[in-house]
Structure formats: C-alpha cells, structure tokens
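J.: Pasting the sequence and the predicted coordinates here, then a few questions.
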Amino acid sequence: MYSKLQYISQGETIDEQLRNIHQALDAGCNWVQMRFKNQTAKNAYTLAEAVKSLCEKYTANFIVNDDLHLTKEIDADGVHLGLTDAKINDARMLLGTSKVIGGTANTFEDIQNHVKNGCNYIGLGPFRFTATKEKLSPILGLSGYFDILQKAKKNKIEIPIYAIGGITLRDVSPLMETGIFGIAVSGIITESLEKKILIQQLNEKLYANVIV
Ligand SMILES: Cc1ncc(COP(=O)(O)OP(=O)(O)O)c(N)n1
Ligand SMILES: Cc1nc(C(=O)O)sc1CCOP(=O)(O)O
Ligand SMILES: [Mg+2]
C-alpha cells in the first residue's frame with residue numbers, strides 16, 4: 001500500500017540533503033522523494049547512492065525527482081515527473097512495470113492524461129502558494145481539490161492522488177475530506193524541530209478513516 005505521507009527533500013548541498021532525509025526517516029517517514037535541483041550529475045548520483053542506502057536501512061520508498069536516467073542507474077523505487085519533465089510513457093518503457101512513476105497535475109485533464117499513460121500516482125497541486133517550488137501552476141485551494149476529486153471519482157479514477165504545495169498540519173483533515181489519498185510535503189518536515197511528533201500528528205490525521 002502506498003504511504004499517505006511523502007517527504008519531498010530539501011537542501012542546497014549533499015550534506016544538507018542527507019541530514020534532512022536522515023532526520024525525516026528517523027522521525028518515521030517511509031516515503032522519500034529526493035528533490036535536488038540544479039546539481040551536477042556527479043553530485044546527484046553521490047546523493048542518490050547515499051539516499052538509497054538510507055531508505056533500504058529504514059525500509060522506506062525512494063523516489064527520484066525529475067531524473068529518469070538516475071532513477072534507472074541507481075535502481076530507485078521510482079521517479080516523479082512534472083508537466084515539463086520526461087513523458088510518463090517514456091519512463092514506463094525505460095523503467096518497466098515494477099517501478100513507481102508519479103506525475104504532477106494541476107487539472108483533471110492532466111490526471112486523465114497521466115492515467116492513460118500508465119502513471120502510478122498523482123501529485124496534484126499547488127494547494128496554496130509555496131516558496132519551495134519556483135514555477136507554480138495556478139493555485140487550487142480546497143475548492144479546486146474538491147472539484148477535481150469529484151471528477152476523478154465520477155470517472156472511476158483509482159490511482160492515489162496526493163495534495164502538494166504549502167500544506168500544514170491544520171490543512172490535512174480538510175484536504176482529506178476532498179477525497180485525496182494523501183499529502184506530499186517538504187517545508188513543514190524540513191523545518192520542524194520536533195519531526196517525530198509532527199509525523200505522528202500528520203499520520204494520525206491521514207489514517208484517521210483507514211479501516212485496518
Ligand atoms: C508528489 C509530487 N507532486 C508534484 C511534484 C512537482 O513536480 P514538478 O512539477 O516536476 O516540479 P519539481 O518538483 O520538479 O520542481 C513533486 N515533485 N512531487
Ligand atoms: C515540489 C512541489 N510541487 C508543487 C506543485 O504544485 O506541483 S508544490 C511543491 C513544493 C512542496 O513543498 P512545501 O510542502 O514546502 O510547500
Ligand atoms: Mg520536475
């Protein structure tokens with residue numbers, strides 16, 4: 001089963017990235033997306049090797065942001081591709097059916113296209129403004145999620161749809177009520193001084209209605 005909480009990593013250097021990822025894993029995160037932008041291939045590979053080893057130690061899912069060839073080379077669990085990154089179906093041809101391919105969406109039509117191309121999950125955003133990502137698509141807000149998730153339900157779309165973009169603890173329950181599967185967050189986990197407590201609080205709200 002897919003985790004309902006994804007941590008999108010932050011950090012300007014390999015050391016900063018590793019510190020943030022290690023702390024998130026140690027605090028209970030079991031799904032990490034390595035997001036290390038504007039780096040040399042060497043630095044990205046060096047970080048990915050270390051993150052893969054950490055994720056294996058914590059039995060966490062390891063997803064690479066953007067870089068399809070690094071995903072293949074390092075044998076990560078999957079890749080996340082945005083609307084201007086490599087195509088989902090090209091990724092599926094390269095990675096095969098055992099790897100996880102996530103796709104970014106801002107509209108219901110984006111979701112339909114990703115489902116048609118064999119995407120495994122959707123990152124639907126942004127929920128609100130966030131400085132973590134430079135070029136944001138139009139902000140969705142709660143009503144945007146409600147409208148899009150209604151269409152997804154009506155069209156029997158079953159792949160997990162995650163909300164992303166400026167999400168805080170108090171947003172989780174209202175977002176879950178729109179029908180999303182889970183959330184992908186970066187800043188609130190990176191900046192938290194009590195990561196273990198925060199992740200427990202996030203998971204409590206995310207899994208509140210899951211029947212065991
Ligand atoms: C889970 C998840 N959803 C959306 C994104 C955004 O990806 P993208 O649009 O490619 O933007 P960058 O992250 O590459 O700046 C994501 N990374 N993860
Ligand atoms: C990586 C990313 N993608 C987004 C999108 O809308 O596609 S918003 C975003 C940033 C998420 O980080 P934070 O939780 O710090 O806002
Ligand atoms: Mg991208």
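T.: Right, received. Where do you want to start? Note that the coordinates shown come from a computational prediction; the quantities given were computed from them, not determined experimentally. Ligands and ions are numbered 1, 2, ... in the order given.
J.: helix or strand for the closest residue to K57 other than its chain neighbours, which one?
T.: Nearest residue to K57, sequence neighbours excluded (CB to CB, 6 or more residues apart in numbering): L25, at 7.9 Å. Heads up, the C-betas are built off the backbone N, CA and C, glycines and all. Assessed by DSSP states H and E, L25 sits inside helix 14-26.
J.: Kindly format the C-alpha coordinates of whichever helix or strand comes after that helix as CSV.
T.: Moving toward the C-terminus from helix 14-26, the next helix or strand (DSSP H and E) is strand 31-34. Taking only C-alpha atoms (Å, rounded to 0.1, in the frame of the first residue of the first chain), the coordinates of strand 31-34 have been written out as CSV:
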residue,chain,number,x,y,z
TRP,A,31,8.4,7.6,1.5
VAL,A,32,11.1,10.0,0.4
GLN,A,33,11.4,11.9,-2.9
MET,A,34,14.9,13.1,-3.5
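J.: contacting residues around strand 31-34?
T.: If you take CB atoms under 8 Å, 6 or more residues apart in numbering as the criterion, strand 31-34 is touched by 2-3, 5-9, 17, 21, 24-25, 47-48, 51, 55, 60-65, 76, 80, 102, 184.
J.: Could you list which of the residues you listed belong to helices?
T.: If you go by DSSP state H, these have Q17, I21, A24, L25, L47, A48, V51, C55 in helices.
J.: rewinding a little: OK, contacts around the residue nearest to K57?
T.: Taking CB under 8 Å, 6+ apart, we find L25 in contact with V32, L54, C55, K57, Y58, A60.
J.: Next up, phi/psi of the fifth one, please.
T.: Per-residue torsions, Y58: phi -100, psi 10 (degrees, to the nearest 10).
J.: Just the pLDDT at it, thanks.
T.: Per-residue confidence at Y58 stands at 98 (pLDDT).
J.: what's around it, how many residues?
T.: Neighbour count of Y58, defined by other CB atoms under 10 Å: 18.
J.: now it, nearest residue through space, not along the chain?
T.: The shortest distance from Y58 to any non-neighbouring residue, by CB to CB, 6+ apart, is to L25 (4.2 Å).
J.: Need the three-state assignment for the nearest residue to D171 once chain neighbours are set aside.
T.: Excluding the flanking residues, the one nearest D171 by CB to CB, 6+ apart is F127, at 6.7 Å. Secondary structure assignment for F127 (DSSP: H, G, I helix; E, B strand; the rest coil): coil.
J.: How many neighbouring residues does F127 have?
T.: Per other CB under 10 Å, the neighbour tally for F127 reads 23.
J.: so how far is M176 from it?
T.: Separation of F127 from M176 (CB to CB, to the nearest Å): 12 Å.
J.: can you pull the contacts of the closest residue to ligand 3 within the chain?
T.: The minimum distance from the chain to ligand 3, using CB to the ion, falls at G82 (3.3 Å). By CB under 8 Å, 6+ apart, the contact list for G82 reads D66, G103, T104.
J.: again, 6 Å this time
T.: T104 (CB atoms under 6 Å, 6 or more residues apart in numbering).
J.: circling back to that earlier point, per-residue confidence for the residue nearest to Y58?
T.: The predicted local confidence for L25 is 98.
J.: before we move on, what about L193?
T.: pLDDT, L193: 98.
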